[in-house]
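Asks: build the 3D model from these lines:
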Amino acid sequence: MYKIKINNMKFFSHIGVLPEEKILGQNLEIDLIVTTNFSYSGLDSLDETLSYVSFYESISEIIASSRADLIEKLAFDIIQAIKENKKVETVEVHIRKLAVPIAGIFDNVEIEMIG
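Replies: Numbering: from 1, shown residues only. Here you go, the predicted model:
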């Protein structure tokens, strides 16, 4: 068993509760941690592992098509898509919204979901 991580992916989305978020859109940052349910045998073949390229492409497609209100829904959809691969044991997703309409000083808001 081992983990594959993709850190700080950046996407533009139209996700949010407020109408402005759906119209204007906003930037998201996403971290993905995938735990496998098998051991690497040492062979130098993509058949011996999981493709982080396919993970990135799945996430990109989900974000491009989603108009969800909540980033929790986005995280849930990402987990479900990644877990379609039978070699995946767990998926951990961190999603950060960089511009949130809250009066205050902070870098971002983030949710973490594990499935």
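
Asks: so Glu61 is in which element?
Replies: helix 52-65 (DSSP states H and E).

Asks: which parts of stretch 102-110 are buried?
Replies: Using 16 or more other CB atoms under 10 Å as the test for burial, stretch 102-110 gives no buried residues. (Each C-beta comes from the backbone N, C-alpha and C, glycine too.)

Asks: begin at 48 from now on, thanks
Replies: Let's use 48 as the start, then, which means that last one is stretch 149-157.

Asks: for the helix holding Glu108, name the packing helices and strands.
Replies: strand 50-60, strand 73-83, helix 118-129 (3 or more CB pairs under 8 Å, 6 or more residues apart in numbering; DSSP states H and E).

Asks: tell me the angle the longest one makes with strand 50-60.
Replies: Spelled out, that is helix 118-129. Interaxial angle of helix 118-129 relative to strand 50-60 (axes from the mean of the first three to the mean of the last three CA atoms, to 10 degrees): 130 degrees.

Asks: other SSEs contacting the helix or strand following helix 118-129?
Replies: Moving toward the C-terminus from helix 118-129, the next helix or strand (DSSP H and E) is strand 135-144. Contact here means 3+ CB pairs under 8 Å, 6+ apart; on that basis strand 135-144 packs against strand 73-83, helix 118-129, strand 156-161.

Asks: tell me what the lowest-mean-pLDDT helix or strand in the chain is packed against?
Replies: Ranked by mean pLDDT, DSSP states H and E, the weakest helix or strand in the chain is helix 66-71, scoring a mean of 85. The helices and strands touching helix 66-71, judged by 3+ CB pairs under 8 Å, 6+ apart, number zero.
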